[in-house]
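Participant: Let me see the structure of the following:
(one chain, ligands or ions: 1)
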Amino acid sequence: MNRGFLGGTFNPPHLGHIRAARAAMEQLGLDELYFIPTGEPPHKDLPADTATAEQRLEMTELAASGIPHAKALDLEIRREGPSYSVLTARELLEEDPEGELWLLCGTDMFLTLDQWYRADWLLENLHIAAYPRKPGEMPDLEEKAEVLRRKWNARVELIRLDPMEVSSTDVRSALKRGGGSELLGDEIYAYILRNRLYGVQPEPDALWRLAVPMLEEKRIPHVRGCREEAGKLALRWGADAVEAERAAILHDVTKKMPAEEQLRLCAAYGIIPGIGGEADPARADEESLSPDDFARRYPAVLHAFSGAAAAWGLFGVSSAVRDAIMWHTTGKRDMTLLEKIIWLADYIEPTRTMPGVKKVRRLAYEDLDGALRLAMKNSLDHMTERKKSPHPASLEALNDLKKER
Ligand code: ATP
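Facilitator: Okay, here's the model as predicted:
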């Protein structure tokens, strides 16, 4: 077999790694390609907020899953002590002693290859394939390849590709600043959100891409409208517009899930569907509802709790965004500015046509609490007309707003 392997910290794996791996696969005609995350890397110290070795392996598996005949191997992570390529290469050669084995590396690694531990063995027993990490590096690679060929009689090939100029260090700092998804595959970005790695700040456009497949087709215009409206309301009332967008994008993300699945999400991420606020003897009956009973009594409200659970557990949002999603259907006492904005954006976004919405829409940009009061009253009246019993938190929200007047 003709095989190749690419070692690295993969903290996290990015599109530069993937582009290089694809090009190497094609140009060397490999039957199999292995991504091998290092255990304890010999060349560099890992940053403090780094992913664990297990998480780097899982992300590398996701990266490999997008390339036919590629896979991630855990042999360096399982091994104790520093990761030396010579140990890895020996293990791989033992599996197929007659086959060809390529060590793949980018410019930085290739230029220092002859200083690696047991470089002599590597250059005698493996083929080496190197590729540029930045435009303009080919002449340096060619010069080095000539030295290695002359001095070691090594078989060295250069992979031609249009390099993507990015490092995992760049990715980590972009993630912290609220960007970075464009440097990663969506699956890896979702993994990073789920595991809250590298201080990631969820990027609204990426949340949108990840959330849309979870929505019913007919709900998409509503969520898009809600995102726009929430952003505008946040700017008008001095809230964080990016937080408002995150909450709006995710507020209905669990709506099409069966109730059991929604309850599972709530349980997994510590959200108890209920009525919120402080314990109150007047609400003792409601407060003692089990999650199942809650879902039966208030089926229309369950998605707000499970949406909060999903946003928190799967999309890595802040607790402020989680809570704004949790109360977007009912409202509650003592709502925060963000909670008010999301409630109202959901009510007035441009695709809504219910009676009275135009007046609330106008008022929303003049008197936030006044708009909320009117909208909450409208929706409670509507429920009474249809003989539906409102969730206690909605009544409390309206009373609260009346008091504040
Ligand atoms: P860090 O920024 O944490 O040092 P890195 O981006 O250099 O990480 P590694 O996981 O250490 O990534 O690199 C693994 C291998 O991938 C190395 O051979 C490296 O040269 C190569 N590589 C890294 N980035 C690119 C890129 N943008 N294009 C091509 N090859 C790359």
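
Participant: export stretch 315-335 as CSV, just CAs?
Facilitator: Output in CSV follows, covering the C-alpha atoms of stretch 315-335 (Å, rounded to 0.1, in the frame of the first residue of the first chain):
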residue,chain,number,x,y,z
PHE,A,315,-23.9,26.2,21.0
GLY,A,316,-21.8,27.5,23.9
VAL,A,317,-23.8,30.8,24.5
SER,A,318,-23.5,32.9,27.6
SER,A,319,-26.0,32.5,30.5
ALA,A,320,-27.6,35.8,29.5
VAL,A,321,-28.4,34.4,26.1
ARG,A,322,-29.6,31.1,27.6
ASP,A,323,-32.0,32.9,29.9
ALA,A,324,-33.3,35.2,27.1
ILE,A,325,-34.2,32.1,25.2
MET,A,326,-35.7,30.4,28.3
TRP,A,327,-38.2,33.3,28.8
HIS,A,328,-38.9,34.2,25.2
THR,A,329,-42.3,32.7,25.2
THR,A,330,-43.7,33.6,28.6
GLY,A,331,-41.7,36.5,29.9
LYS,A,332,-41.2,36.6,33.6
ARG,A,333,-40.9,38.9,36.6
ASP,A,334,-37.8,41.2,36.6
MET,A,335,-36.8,40.7,33.0
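
Participant: For that stretch, what does the pLDDT average out to?
Facilitator: Averaging pLDDT along stretch 315-335 yields 95.

Participant: Point me to the helix or strand that includes the closest residue to K332 other than its chain neighbours.
Facilitator: Leaving aside its sequence neighbours, K332 sits nearest to A393 (C-beta to C-beta, 6 or more residues apart in numbering; 4.3 Å). Glycine gets a C-beta too; all of them are placed from N, C-alpha and C. Element membership for A393 (DSSP states H and E) is helix 392-404.

Participant: Check what pLDDT L62 gets.
Facilitator: We note a pLDDT of 97 for L62 in this prediction.

Participant: Name the helix or strand of this protein that has the lowest mean pLDDT.
Facilitator: Ranked by mean pLDDT, DSSP states H and E, the weakest helix or strand in the chain is helix 284-287, scoring a mean of 66.

Participant: Helices along the stretch 251-400 of the chain, start to end?
Facilitator: 259-268, 284-287, 291-297, 302-315, 319-326, 337-348, 357-364, 368-385, 392-404 (DSSP state H, counting those that start in this stretch).

Participant: so what secondary structure elements neighbour the longest one?
Facilitator: Yep, that's helix 368-385 we're talking about. helix 337-348, helix 357-364, helix 392-404 (3 or more C-beta pairs under 8 Å, 6 or more residues apart in numbering; DSSP states H and E).

Participant: Go again with 10 Å.
Facilitator: helix 220-237, helix 337-348, helix 357-364, helix 392-404 (3 or more C-beta pairs under 10 Å, 6 or more residues apart in numbering; DSSP states H and E).

Participant: Please tell me how far E229 sits from the ligand.
Facilitator: Using C-beta to the nearest ligand atom, to the nearest Å, one obtains 39 Å as the distance from E229 to the ligand.

Participant: neighbours around that residue, how many?
Facilitator: Other residues within reach of E229, judged by other C-beta atoms under 10 Å, total 25.

Participant: How is E157 assigned, secondary-structure-wise?
Facilitator: At E157 the chain is in strand, as set by DSSP: H, G, I helix; E, B strand; the rest coil.

Participant: what's near enough to touch D114?
Facilitator: Neighbour list for D114: D120, L122, L123, K144, V147, L148, K151, W152, A154 [criterion: C-beta atoms under 10 Å, 6 or more residues apart in numbering].
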